[in-house]
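Trainee: Have a look; sequence and predicted model below, questions after that.
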Amino acid sequence: MRILQDHGLQDEKLLKTFSYINGSWHSSESEFDVTNPANGELVASVNNAGIVETELAVKAAKDALKAWSAKSANERAGLLRNWFNLMMQHQDDLGRILTLEQGKPLAEAKGEIAYGAAFIEWFAEEGKRVYGDVIPGPSGDKRIIVLKQPVGVVASITPWNFPNAMIARKAAAALAAGCTFVVRPATLTPLSALAMAELAERAGIPAGVFNVVVGEDSRGMGKVLTQHPDIAKFTFTGSTGVGKTLIGQCASTVKKVSMELGGNAPFIVFNDTDIDAAVQGALVSKYRNAGQTCVCTNRILVQKEVLAEFTEKFATEVEKLSLGNGLNEGINIGPMISKNAVSDVEKLVNDSIAVGAQLKIGGKATEAGENFYKPTILTNVTNDMPIANNEIFGPVSPIIAFDSEEQAIQLANDTQYGLAAYFYSRDIGRIWRVAEGLEYGMVGINEGIISNAAAPFGGVKQSGNGREGSKYGLDDYLEIKYLCMGGLNK
């Protein structure tokens, strides 16, 4: 086992390199390296789990289910509250681990820790509010009662772009509902998940309730998590293509499934808006995490009357963004996750320029490192160009002009995706018309950052199903049971 020595943590025990199964740390015969995408340096070598360890984790979760679900909602809430408190207590270290393995600026990483912890705090309380119903019966001698009970063992596969928050959003709801949990985090960013497991143990969460298996055999481990008969529910955050495959695998055992998949978020700027506010909203929505978020702005649609003003003001602000190692002061944008990710973005940009898009600012060339891509703006873009009809997942803003409100809605909806959309307007009638006309699960109105624990996060169309966070977030982890009580007349 190799670990970078100069990692600067206050609590060295948070940096774990073994899978966490049934309350124990499991070693394996092989390892894989986790490197810092900003400079390629080794962060740690992590033990490489596989199918055997994944099946052990499922068994542990199954064995722990009865006792965990039997605890009162208040007891579970107390343990989740402990977990939340420990995450916030160790926010600096957790943020540093996240930056080392994922690359985002340290302030942004610490923000993710607080964001993820907020879901644990939210569901600690929301788990106490799983209400049933008493429904008037069809006759005097019957009563209809509806109960909500935990679905059972929950399995999850989570991505590298938010290695803490994507787990917290799912695990918090599952545990609060009385389910047990197994997660396979991305192998590019396993250390945040393992640090969460360390804190879960310290919080007193019983063995087998929260399990983390880390390994490179994505296909084999994925099949266990989607096809194992003891798993009742599967939840995934990632690309639409992979999500479709996983849904198909879940069909063999008819699992309950929730999916948070790809996006192609439009950001619409109408001619009646506060342009300076729209510029700031687009800036934070587009360039957070170097554009590597499923809800970040993918296309900027600007009404022609304000196109020139918005473009120039937006370009001025984008040019102020600073690239570099996320651990350095004053950095706004860290590296992309890999060289392949950079190549994918570069190809979308070049292919779009080849068919008429114009490079306003940015492009690949940068001295920051091979995994960095300069914040970029493309103009003269149309909705059929590669940069507009694909999920970019990088720091590139294609600007598309439009004439009318109706055209803006048509352009915005002209995609298979329906996760998040944004628009800026000060006309109350237009706000209602556009909000209702956009085919998206979430709409930001005069706001570029929309996700929080109290709001239902999720999409429509090929962006997935189910919701995370909010009072609706427990529904995917509960089953409804109907009790018909008869023979009640004397």
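Mentor: Received, thanks. Residues are numbered from 1 along each chain as shown.
Trainee: tell me how far stretch 267-280 is from the chain's mean position?
Mentor: 26 Å (C-alpha atoms, centre = their mean, to the nearest Å).
Trainee: Can you give me the buried ones in it?
Mentor: F267, I268, V269, F270, N271, T273, I275, A278, V279 (16 or more other C-beta atoms under 10 Å). Every residue, glycine included, has its C-beta placed from N, CA and C.
Trainee: For the residue nearest the centre of the chain, give me the pLDDT.
Mentor: By C-alpha atoms, centre = their mean, the chain has its centre lying nearest to M166, at 4.4 Å. Listed pLDDT for M166 reads 98.
Trainee: State the distance from it to K244.
Mentor: 19 Å (C-beta to C-beta, to the nearest Å).
Trainee: got it, and L175?
Mentor: L175 is 28 Å from K244, by C-beta to C-beta.
Trainee: Comparing these two, which residue is more hemmed in?
Mentor: L175 (28 against 13; other C-beta atoms under 10 Å).
Trainee: Enumerate every residue touching that one.
Mentor: By C-beta atoms under 8 Å, 6 or more residues apart in numbering, the contact set of L175 is W68, R76, L79, L80, F123, F181, I205, V209, F210.
Trainee: still on that earlier bit, among the buried residues of stretch 267-280, which ones are in helices?
Mentor: I275, A278, V279 (DSSP state H).
Trainee: Run through the bridge partners of Q303.
Mentor: Beta-bridge partners of Q303, counted by DSSP bridges, are F402.
Trainee: neighbours around it, how many?
Mentor: 21.
Trainee: so it makes contact with E406?
Mentor: No - checked against C-beta atoms under 8 Å, the pair Q303 and E406 is beyond contact range at 11.8 Å.
Trainee: coming back round to it: kindly confirm my reading that the residue nearest to the centre of the chain forms part of a helix.
Mentor: Yes - counting by DSSP: H, G, I helix; E, B strand; the rest coil, M166 falls inside a helix.
Trainee: I'd guessed it sits against T237; true?
Mentor: Yes - between M166 and T237 a contact is recorded at 5.0 Å, counting by C-beta under 8 Å.
Trainee: Need the residues touching each of these two.
Mentor: Between them, M166 and T237 share the contacting residues T158, P159, judged by C-beta under 8 Å, 6+ apart.
Trainee: can you give me the offset of stretch 44-59 from its chain's centre?
Mentor: Going by C-alpha atoms, centre = their mean, where stretch 44-59 is centred and where its chain is centred differ by 23 Å.
Trainee: and the residue lying closest to D133 once chain neighbours are set aside, what is it in contact with?
Mentor: Distance criterion C-beta to C-beta, 6 or more residues apart in numbering; nearest residue to D133, sequence neighbours excluded, is V146 at 4.1 Å. Taking C-beta under 8 Å, 6+ apart, we find V146 in contact with G132, D133, V134, I135, I480, K481, Y482, L483.
Trainee: Among those residues, which one lies nearest to R219?
Mentor: I480 (33.8 Å; C-beta to C-beta).
Trainee: So for the helix or strand where the closest one lies, mean pLDDT?
Mentor: Assigning secondary structure by DSSP states H and E places I480 in strand 478-485. The average of the pLDDT scores along strand 478-485 is 96.
Trainee: in that strand, what's buried?
Mentor: Neighbour-count burial for strand 478-485 [16+ other C-beta under 10 Å]: L478.
Trainee: cool, stretch 149-166 as well?
Mentor: 150-166.
Trainee: before we move on, back to that, now the residue nearest to the centre of the chain. Nearest residue, chain neighbours left out?
Mentor: That would be T158: by C-beta to C-beta, 6+ apart, it lies 4.3 Å from M166.
Trainee: which phi and psi does that neighbour have?
Mentor: Note on T158: its backbone torsions stand at phi -120, psi 160 [degrees, to the nearest 10].
Trainee: and if you look at F18?
Mentor: Given degrees, to the nearest 10, the pair of backbone angles that F18 has is phi -120, psi 150.
Trainee: circling back to that earlier point, which one of the buried residues of stretch 267-280 is nearest to G444?
Mentor: Distances from G444 to these, taken by C-beta to C-beta, are shortest for F267, at 8.5 Å.
Trainee: Distance of the closest one relative to K313?
Mentor: F267 is 14 Å from K313, by C-beta to C-beta.
Trainee: Could you do R219 as well?
Mentor: Distance from R219 to K313, by C-beta to C-beta: 47 Å.
Trainee: Please say which of these two ends up with more neighbours.
Mentor: K313 (17 against 9).
Trainee: ok, back up a step: turn the contacts of L175 into CSV, including distance to E12.
Mentor: As requested, the contacts of L175 are exported to CSV (distance: C-beta to C-beta, whole Å):
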residue, distance to E12
W68, 30
R76, 30
L79, 25
L80, 25
F123, 30
F181, 26
I205, 22
V209, 25
F210, 22
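Trainee: residues in contact with the residue nearest to M166?
Mentor: M166, I167, K170, V183, R184, P185, A186, A193, F236, T237, G238.
Trainee: number of nearby residues for the second one?
Mentor: It refers to I167. The burial count for I167: 25, using other C-beta under 10 Å.
Trainee: All the strands of the stretch 201-350 of the chain, in order from the start?
Mentor: 210-212, 231-237, 256-260, 265-269, 297-303 (DSSP state E, counting those that start in this stretch).
Trainee: Now do the same contact list for T366.
Mentor: Contacts of T366 by C-beta under 8 Å, 6+ apart are L323, F372, Y373, K374.
Trainee: hang on, M87 in a helix?
Mentor: Yes - looking at M87 with three-state DSSP, it is inside a helix.
Trainee: Quick one, grab the pLDDT at it.
Mentor: 98.
Trainee: L488 now?
Mentor: 88.
Trainee: got a list of what W160 touches?
Mentor: Q102, A186, L188, T189, I337.
Trainee: low pLDDT regions in the stretch 101-250 of the chain?
Mentor: Applying pLDDT under 70 to the stretch 101-250 of the chain flags no residue at all.
Trainee: Oops, could you answer that again for the stretch 351-490 of the chain instead?
Mentor: In the stretch 351-490 of the chain (pLDDT under 70), the answer is 490.
Trainee: switch the cut-off to 80
Mentor: Scanning the stretch 351-490 of the chain for pLDDT under 80 picks out the ranges 365, 490.
Trainee: Tell me where it has strands.
Mentor: Under DSSP E, counting those that start in this stretch, the stretch 351-490 of the chain gives strands at 358-363, 374-379, 396-402, 420-424, 442-445, 464-465, 478-485.
Trainee: from those, which stretch is densest packed?
Mentor: With neighbours defined as mean count of other C-beta atoms under 10 Å, those peak in mean count at strand 420-424, which reaches a mean of 29.
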